[in-house]
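# Return a 3D structure for these sequence lines:
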Amino acid sequence: MRAELTRRQSDPAPEGGPVKRRFPRPGALFSLAAAAVLLFAGAGSAAAKPTGGPAASAARQGASSSSAPATLSDGRTVDSPAAARTVQDYWTPERMKNAIPLDAPDPGTLPAGSADPAAAPTGEPGRIEPVAPTVPSQAVPRAPLITESAAVGKVFFTDPSDGKDHVCSGSALNSPSRQMVITAGSCVHGGKGKTWMTNWTYAPRYRSGDRPFGTYAAKQLRTFTAWMDSSAVSRDVGLVTTWPLNGTRLVDATGGQGLAWDYPKKVGITILDYPTDRNAGEIQQWCTDSTAQGYISGTIGVYCMFGGRASGGPWLQQFDDSTGIGYVNGVMSAIDCSGWNQSPYFDDGVKSMVDTQGSVT
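Numbers count the residues shown, from 1 in each chain. Okay, the predicted model is just below:
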C-alpha cells in the first residue's frame with residue numbers, strides 16, 4: 001500500500017506525482033495567527049564537513065543545550081551493552097503497539113516566554129552531507145513503500161511524569177559518531193517542570209510491528225535548555241546518541257540524513273512521519289510542499305494536516321526517494337487548528353548542538 005499524501009479535499013488528485021499545495025498570501029498567514037490554537041504534534045563520510053558559514057552565533061538567546069545519560073525507568077544508567085539489551089528487551093511488540101503518542105499540551109498553559117525571539121539566518125546557508133548505509137541489512141528483505149526511508153523510524157520511551165510508554169518519530173543523522181538520532185525535544189525531555197525520558201529506543205523503518213533493522217537503545221540524550229526550562233517551541237529539537245546494535249552503528253546500518261541550516265524560511269521539503277491519524281501511526285507517511293514563516297515565533301510551517309500526535313519526524317530538503325535520504329531542515333513539533341504543521345527554524349544554534357553531540361560515542 002502506498003504511503004498516503006495528505007492534501008486538502010479541494011485539491012485535485014495527484015497525477016504522476018505529489019500534490020503541490022497552494023499557499024495563502026503571507027499576510028493571510030499572520031492574520032490567522034491570533035486565532036490559531038497551537039498544539040504540540042505530540043543524521044559523504046562520517047567526517048562530513050559543512051559547506052556553509054560558521055556556527056558563530058550559538059550564544060544567541062535560547063541556543064545553549066544540555067545532555068544527560070540515558071536511563072531505565074528505575075533510574076539505572078544505560079551504560080553498557082548489557083543495559084542496552086535490557087532496554088531492547090523491555091520494548092516487546094505489545095508495548096510498542098500500545099505506546100501512547102505524546103498528549104498535546106493545553107495552549108493556555110504554555111509558560112510565558114515559551115516563544116523564543118524570531119529566528120533568522122545568522123550566516124550563509126550550510127549543509128552536512130547525508131551518507132548511505134555501509135553494512136548490508138541482516139533482516140529478511142522487505143520492499144520499502146514509496147518514499148519510505150530506512151533512515152526514518154519510530155522512537156519509544158517512558159515518560160516519568162505519567163509513568164506511561166509513549167511514541168514519537170525520528171531520523172538517523174550523519175555525524176562523526178554515526179550513532180545519532182534527531183527528533184523533537186519533547187521526545188527526549190518533558191519540558192518545563194519535567195525531566196528526561198527513560199527506556200528510550202529507536203526502531204528504524206518500523207512498519208506495523210516489523211523492525212527490519214532492530215532497535216537501538218539510547219546512550220545519551222540532548223536538547224536545548226530553552227526547551228527544558230520554558231518549553232520553547234522554537235527550540236523543540238532533540239538529539240540522541242545510540243548504542244551500536246550487535247556491533248553495528250545506526251548510520252552504518254540505515255544510512256544517515258544530512259543537515260541544512262540558515263536557509264530561507266521558504267524552501268521545498270518532504271516530511272516523513274508516523275502521524276496517528278494515518279494508519280494508526282503504524283506506517284510511515286509523507287507530505288511534500290514549500291515551507292513558510294510559522295505561526296509561532298522562531299518556527300517554519302507547512303500545510304500538511306499531520307495530526308496532533310506526530311512529533312519528531314524529519315523535514316527534509318532535497319529528499320531522494322530512491323535512497324530515502326536528504327537534508328534535515330526541521331522536525332515535526334506542533335500543529336494549529338487549521339492544519340499547519342510547525343517546526344523550529346534550523347539556525348546556527350541547531351548546527352552547534354549537532355556538532356556538540358555528533359562526536360559522542
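
# Following the chain onward from the helix or strand that contains A253, which element is next?
Taking DSSP states H and E as the definition, one finds A253 inside helix 250-254. Next along the chain after helix 250-254, taking DSSP H and E as the criterion, comes strand 258-261.

# chain center to that next one, what's the gap?
Distance of strand 258-261 from the chain centroid (Cα atoms, centre = their mean, to the nearest Å) equals 13 Å.

# What's the mean pLDDT across that strand?
When pLDDT is averaged over strand 258-261, the result is 98.

# So which elements touch it?
When contacts are defined as 3 or more Cβ pairs under 8 Å, 6 or more residues apart in numbering; DSSP states H and E, strand 258-261 sits against strand 126-128, strand 325-331, helix 348-358. For glycine as for every other residue, the C-beta is placed from the backbone atoms N, C-alpha and C.

# Deepest-packed of the ones you listed, please.
A comparison of the helices and strands packed on strand 258-261 by mean neighbour count, using mean count of other Cβ atoms under 10 Å, puts strand 325-331 on top with a mean of 28.

# which element follows that one toward the C-terminus?
For strand 325-331, the following helix or strand on the C-terminal side (DSSP H and E) is strand 334-335.

# Mind giving me the packing neighbours of that next one?
Using 3+ Cβ pairs under 8 Å, 6+ apart as the contact test, the elements touching strand 334-335 are strand 39-40, strand 340-344.

# so which of these is the most packed in?
Neighbour counts (mean count of other Cβ under 10 Å) averaged over each of the helices and strands packed on strand 334-335 peak at strand 340-344, with a mean of 29.

# Mind listing residues that contact that strand?
Residues from elsewhere that reach strand 340-344 (Cβ atoms under 8 Å, 6 or more residues apart in numbering): 36, 38, 41, 119, 233-237, 271, 291, 294-296, 298-306, 310, 315, 330-336, 350.

# Can you list the residue ranges for helices in the stretch 51-200 of the chain?
Assigned by DSSP state H, counting those that start in this stretch, the stretch 51-200 of the chain shows helices spanning 81-90, 93-98.

# could the ones you listed go into TSV alongside mean neighbour count?
Output for the helices of the stretch 51-200 of the chain, formatted as TSV (neighbours: other Cβ atoms under 10 Å):
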stretch	mean neighbour count
helix 81-90	16
helix 93-98	13
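
# Would you mind putting the ones you listed into CSV with mean pLDDT alongside?
Formatted as CSV, the helices of the stretch 51-200 of the chain follow (pLDDT from 0 to 100):
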stretch, mean pLDDT
helix 81-90, 98
helix 93-98, 96
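
# Kindly present those helices as a markdown table, with separate columns for distance to A172.
Below are the helices of the stretch 51-200 of the chain laid out as a markdown table (distance: least, Cβ to Cβ, whole Å):
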| stretch | distance to A172 |
| --- | --- |
| helix 81-90 | 17 |
| helix 93-98 | 18 |
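
# re the thing from before, and the helices and strands packed on strand 334-335 as CSV, adding mean pLDDT and distance to M180?
Formatted as CSV, the helices and strands packed on strand 334-335 follow (pLDDT from 0 to 100; distance: least, Cβ to Cβ, whole Å):
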stretch, mean pLDDT, distance to M180
strand 39-40, 44, 23
strand 340-344, 91, 17
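
# Put together CSV for the ones you listed, with distance to T223 on each row.
What follows is the helices and strands packed on strand 334-335, written out as CSV (distance: least, Cβ to Cβ, whole Å):
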stretch, distance to T223
strand 39-40, 14
strand 340-344, 11
